[in-house]
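Engineer: quick check, what structure comes out for this input:
(one chain, ligands or ions: 1)
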Amino acid sequence: MSEKTIAAIATPLGEGSLAVIRISGGEAIKIADKIFYPFSEKKLCELNDYQAAYGEIKDNEKVLDDGVALIFKAPKSYTGEDVVEISLHGGRLMAKSVLRLILSMGAVLAAPGEFTKRAFLNGKTDLTKAESIMGLISAKSESELRLSRSAHIGKLSEKIEEIEKELLAAAASIAAFSDYPEEDIEGLDAENFEKMLINAENSLKNMLSCYDKGRIICEGIDTAIVGKPNVGKSTLMNMLSGYERSIVTDVAGTTRDIVEDTVTVGDIVLRLADTAGIHNTEDEVEKIGVQRANSRIDTAGLILAVFDCSKPLDEDDFALIERVKKLNTIAIINKSDLQRDINLEAFKDMRIVKTSAKMGEGYEELSREIAELTGIANLDPDSAVLMGERQRACAQRALDGVSAALEALLCGCTMDAVGVCVDDAISALFELTGKRVTNEVTDEIFRRFCVGK
Ligand code: GDP
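Structural biologist: Here you go, the predicted model:
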């Protein structure tokens, strides 16, 4: 248990009906008793676990506010320590002045993520559950929320523990075999062993194969809207954004640089860039815009290539099709409200969506097509999905260890050599859930949290 008692405002700073200040540590109740006076005249230290008191918050004789104090006694609290949560009237000044008062009574200001870090260090949560909290707080789509929730209730930890169990059983058998090589130990034959490792390898491969989809859900995807001038790129961006963001005019080349916005389409966050029209131009300023549009194509995870269906395709259109058809591209056949004069043959190997950005038509189909292309359509958001690069790297190391163990087994290496690889895999999984993790890694994880969490 850490010796310092910490405090922080747990709610966003701003105007709201309530603000909550959280205090955690051995002195939490004692400190709260110095500033919070229940109307019942009972002291907070006399209350039972999970009991709340209504009272006044006082700085000496000066009443700052009235509110509710809720008591959680160790170890049955979020952090595993004594915790007091004081709900008071919302508002920047009020919450800050009460927090200042609490700090003057001996608490120290909590560092970012310190409440959750203490919960982890006190065995109240594992690392995957702790990391999911950031997702719960910052989710920008329903799927991200469901993925985070699923990790938070332990689906990911359960899956990892299943693999761990398999590998621990394998490691125990190897140890037994190394100690008693002459004995005929039941269940320890090469075939059984191989089966255990193959199971673990498959589970890890499955997990890693879903990682990119999970990442797209959590982090969004860089999306470039490209096409010739006047095909409707800015209008499409406005349709997706739901408001006028890019300048829409009849004058070709109006969008000379990149206009950016972040939108949620269906369940996927797109970081959109509406680029300058890609075409042959002598205008120096336009040329720079075209160059930038081209480099966006190289870095984008998704390309929405827009074409005007009321006109036949020309050289610039064909050049664009060639440039993007092998990438993650959806061809947007826009202006579908007009008479069609485009030959769709040129798009035969590509995903296409017909839209009328001006009329707001085609959104649903585009949303479905994006979900298909990114693979999100067949990802179950309630399943165990790795979240974040740290988790992916640990799972990859575990997979490398298991694959090396299998290879060593098939090559007829000694059981000791196989055992070393299995141990590496187990260590990587222990690091993933936090069973065995360095202070540096723990500090790095919780530093990314917000204060008060
Ligand atoms: P950009 O240069 O590719 O960004 O094209 P804009 O979005 O600025 O649109 C150029 C012109 O096409 C504007 O007059 C738009 O109103 C018009 N436009 C865009 N989308 C549609 C559409 O779906 N149908 C029709 N009829 N006109 C459109």
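Engineer: name the residues of stretch 429-445 that come out as buried.
Structural biologist: For stretch 429-445, a neighbour-count test (16 or more other CB atoms under 10 Å) marks 429-434, 437, 442, 445 as buried. No exception for glycine: its C-beta is placed from N, CA and C like everyone else's.
Engineer: stretch 105-117 too?
Structural biologist: For stretch 105-117, the buried set under the neighbour-count rule, 16+ other CB under 10 Å, comprises 105, 107, 110, 112-117.
Engineer: same deal with stretch 35-44?
Structural biologist: Buried-residue list, stretch 35-44, by 16+ other CB under 10 Å: 35-38, 44.
Engineer: count of residues packed around Val324?
Structural biologist: For Val324, the count of nearby residues is 22 (other CB atoms under 10 Å).
Engineer: contact partners for it?
Structural biologist: Counting by CB atoms under 8 Å, 6 or more residues apart in numbering, Val324 touches 226, 297, 303, 305.
Engineer: swap in Leu236?
Structural biologist: Leu236 touches 225, 274, 304, 306, 332, 334, 355, 357, counting by CB under 8 Å, 6+ apart.
Engineer: can you tell me which of those residues are up against the ligand?
Structural biologist: Intersecting these with the contacts of the ligand gives 334, 357 (criterion: CB under 6 Å from any ligand atom).
Engineer: quick one, which of the contacts of Leu236 are buried?
Structural biologist: Using 16+ other CB under 10 Å, the buried ones in those are 225, 274, 304, 306, 332, 334, 355, 357.
Engineer: please, which helix or strand holds Gly214?
Structural biologist: helix 190-219 (DSSP states H and E).
Engineer: just the CA trace of stretch 305-325, in CSV.
Structural biologist: Only the C-alpha atoms of stretch 305-325 are listed here, as CSV (Å, rounded to 0.1, in the frame of the first residue of the first chain):
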residue,chain,number,x,y,z
ALA,A,305,-11.6,8.1,-55.1
VAL,A,306,-14.4,10.3,-56.5
PHE,A,307,-15.6,10.4,-60.1
ASP,A,308,-18.4,12.4,-61.8
CYS,A,309,-20.8,9.9,-63.3
SER,A,310,-22.4,12.5,-65.6
LYS,A,311,-19.2,12.7,-67.7
PRO,A,312,-17.2,10.2,-69.6
LEU,A,313,-13.9,9.2,-67.9
ASP,A,314,-10.9,11.1,-69.2
GLU,A,315,-7.1,10.7,-69.0
ASP,A,316,-6.9,12.1,-65.5
ASP,A,317,-9.6,9.7,-64.3
PHE,A,318,-7.9,6.7,-65.8
ALA,A,319,-4.5,7.7,-64.3
LEU,A,320,-6.2,8.0,-60.9
ILE,A,321,-7.8,4.5,-61.3
GLU,A,322,-4.5,3.0,-62.1
ARG,A,323,-2.8,4.7,-59.2
VAL,A,324,-5.4,3.6,-56.6
LYS,A,325,-7.0,0.4,-57.7
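Engineer: quick one: mean pLDDT over that stretch.
Structural biologist: Stretch 305-325 carries an average pLDDT of 94.
Engineer: mind listing what's buried in it?
Structural biologist: Applying 16+ other CB under 10 Å to stretch 305-325 flags 305-309, 311, 313, 316-317, 320-321, 323-325 as buried.
Engineer: out of these, name the ones that lie in strands.
Structural biologist: Members of the buried residues of stretch 305-325 lying in strands (criterion: DSSP state E): 305-308.
Engineer: narrow the buried residues of stretch 429-445 to those in helices?
Structural biologist: 429-433, 442, 445 (DSSP state H).
Engineer: quick check, nearest of the residues you listed to the ligand?
Structural biologist: Nearest to the ligand, judged by CB to the nearest ligand atom, of those is Ile445 at 42.5 Å.
Engineer: got a list of what that closest one touches?
Structural biologist: 113, 127, 130-131, 390.
Engineer: then Arg340?
Structural biologist: Per CB under 8 Å, 6+ apart, neighbours of Arg340: 309-310.
Engineer: and the pLDDT at it?
Structural biologist: Reported pLDDT for Arg340: 89.
Engineer: give me phi/psi at it?
Structural biologist: phi -80, psi 130 (degrees, to the nearest 10).
Engineer: the closest residue to Leu145 other than its chain neighbours: neighbour count?
Structural biologist: Leaving aside its sequence neighbours, Leu145 sits nearest to Ala139 (CB to CB, 6 or more residues apart in numbering; 3.9 Å). As a burial measure, Ala139 scores 18 neighbours (other CB under 10 Å).
Engineer: any figure for the gap between Ala139 and the ligand?
Structural biologist: When distances are taken as CB to the nearest ligand atom, to the nearest Å, Ala139 and the ligand turn out to be 31 Å apart.
Engineer: pretty sure that residue is touching His152, no?
Structural biologist: No: using CB atoms under 8 Å, Ala139 is not in contact with His152; the gap is 11.1 Å.
Engineer: pLDDT and distance to the ligand for the buried residues of stretch 429-445 - can I get that in JSON lines?
Structural biologist: JSON lines is the format used below for the buried residues of stretch 429-445 (pLDDT from 0 to 100; distance: CB to the nearest ligand atom, whole Å):
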{"residue": "Leu429", "pLDDT": "96", "distance to the ligand": "49"}
{"residue": "Phe430", "pLDDT": "95", "distance to the ligand": "52"}
{"residue": "Glu431", "pLDDT": "94", "distance to the ligand": "48"}
{"residue": "Leu432", "pLDDT": "94", "distance to the ligand": "45"}
{"residue": "Thr433", "pLDDT": "92", "distance to the ligand": "48"}
{"residue": "Gly434", "pLDDT": "90", "distance to the ligand": "49"}
{"residue": "Val437", "pLDDT": "81", "distance to the ligand": "50"}
{"residue": "Thr442", "pLDDT": "82", "distance to the ligand": "48"}
{"residue": "Ile445", "pLDDT": "77", "distance to the ligand": "42"}
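Engineer: ok, these vs Ala346, which is closest?
Structural biologist: Leu432 (47.0 Å; CB to CB).
Engineer: what residues are up against that closest one?
Structural biologist: Counting by CB under 8 Å, 6+ apart, Leu432 has contacts 127-128, 160, 391, 394-395, 398.
Engineer: for it, which non-adjacent residue is closest in space?
Structural biologist: Nearest non-adjacent residue to Leu432, counting by CB to CB, 6+ apart: Cys394, 3.8 Å away.
Engineer: one more: Gly375?
Structural biologist: Lys213 (4.8 Å).
Engineer: tally of neighbours for Asp380?
Structural biologist: The burial count for Asp380: 12, using other CB under 10 Å.
Engineer: can you pull out the strands in the chain?
Structural biologist: Going by DSSP E, the chain shows strands at 6-9, 18-24, 36-38, 52-59, 62-72, 83-89, 108-109, 221-227, 259-265, 268-274, 302-308, 329-334, 351-354.
Engineer: test my guess that Glu260 contacts Arg292.
Structural biologist: No: counting by CB under 8 Å, Glu260 sits too far from Arg292 to count as a contact (11.6 Å).
Engineer: what sits against the residue nearest in space to the middle of the chain?
Structural biologist: Central residue of the chain (CA atoms, centre = their mean): Cys218, 3.9 Å from the mean position. Applying CB under 8 Å, 6+ apart to Cys218 gives the contacts 135, 144, 147-148, 387-388.
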